[in-house]
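Engineer: Only the shape, not the letters, is given here:
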């Protein structure tokens with residue numbers, strides 16, 4: 001019986017094509033995995049994480065747009081109500097590996113939500129009037145002011161300050177490329193010397209999976 005070389009050739013070509021396809025699939029899959037690992041490594045290298053500064057960190061002079069100045073101590077902050085505005089500051093440290101760019105802030109009126117599993121809506125944050133940058137491994141500050149007596153937080157915040165209650169402040173920030181946004185929940189806590197100390201209780205990721 002004469003071999004059907006045409007059929008044999010077709011089968012050999014098909015087998016070779018199949019082997020090539022499998023090898024290509026494996027190569028592409030490996031390349032994609034390597035690209036994801038490289039991307040994650042790159043993002044980790046520019047990822048910020050804000051925490052409270054240390055008590056031994058230097059005091060920072062913070063100025064507002066109306067030429068009002070305060071001194072924000074290491075490990076603490078300020079809360080000052082006046083007739084014109086309510087001024088708030090916090091000294092904070094960037095424990096991450098990338099520059100932190102602060103985007104906005106909000107007051108949490110209900111302190112019982114300190115350990116909430118989900119972050120507050122991003123559209124509730126007040127946008128900062130200027131960009132604030134905190135270098136990796138270094139300290140910086142956050143500042144905020146409420147100037148309108150009709151603001152719903154004006155009176156409750158003033159009462160919290162005057163009665164020396166915990167003030168819960170959420171900060172929205174990200175890396176210097178505009179990504180990897182996080183929300184960190186800070187507290188201004190009254191000290192016995194009439195000052196305020198800071199603590200951080202929760203971090204939420206906005207653009208990726210949460211760390212818990």
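Structural biologist: Structure received. It should be emphasised that the depicted structure is a prediction, and the values quoted were computed from it without experimental measurement.
Engineer: Work out for me the element residue 16 sits within.
Structural biologist: helix 5-45 (DSSP states H and E).
Engineer: and after that helix, which helix or strand comes next?
Structural biologist: Reading on from helix 5-45 to the C-terminus, the next helix or strand found by DSSP H and E is strand 50-52.
Engineer: Mind giving me the packing neighbours of that next one?
Structural biologist: strand 86-94, strand 182-190, strand 196-205 (3 or more Cβ pairs under 8 Å, 6 or more residues apart in numbering; DSSP states H and E). The C-beta positions use only the backbone N, C-alpha and C, and glycine is treated the same way.
Engineer: And the ones you listed: which comes nearest residue 123?
Structural biologist: strand 182-190 (12.4 Å; Cβ to Cβ).
Engineer: Tell me who's in contact with residue 120.
Structural biologist: For residue 120, the contact set (Cβ atoms under 8 Å, 6 or more residues apart in numbering) comprises 106, 108, 170, 183.
Engineer: mind checking the SS state of it?
Structural biologist: The three-state assignment at residue 120 reads coil, by DSSP: H, G, I helix; E, B strand; the rest coil.
Engineer: could you point out where the chain is predicted with low confidence?
Structural biologist: For the chain, the stretches with pLDDT under 70 are 1-6, 8, 11-12, 14, 23, 25-44, 111-117, 211-212.
Engineer: rerun that using 80 as the cut-off
Structural biologist: Within the chain, the stretches with pLDDT under 80 are 1-45, 110-118, 209-212.
Engineer: Burial check on residue 146, number of neighbours?
Structural biologist: Per other Cβ atoms under 10 Å, the neighbour tally for residue 146 reads 18.
Engineer: Spatially nearest residue to residue 69 (excluding sequence neighbours)?
Structural biologist: Spatial nearest neighbour of residue 69, excluding adjacent residues (Cβ to Cβ, 6 or more residues apart in numbering): residue 63 at 4.9 Å.
Engineer: And residue 81, by the same measure?
Structural biologist: residue 158 (4.8 Å).
Engineer: thought the one you found was touching residue 82?
Structural biologist: No - at 9.8 Å, residue 158 does not count as touching residue 82 under the criterion of Cβ atoms under 8 Å.
Engineer: For burial, what's the neighbour tally of residue 52?
Structural biologist: 23.
Engineer: Then residue 132?
Structural biologist: Neighbours of residue 132 using other Cβ under 10 Å come to 16.
Engineer: for residue 145, same thing?
Structural biologist: Residue 145 has 18 neighbours, counted by other Cβ under 10 Å.
Engineer: which residues are contacting the helix or strand hosting it?
Structural biologist: For residue 145, the element it lies in under DSSP H and E is strand 139-146. Contact with strand 139-146 is made by 53, 57-58, 60, 62, 64, 72, 74, 85-94, 100, 102, 105, 126, 128, 132-134, 153-154, 157, 169, 171, as judged by Cβ under 8 Å, 6+ apart.
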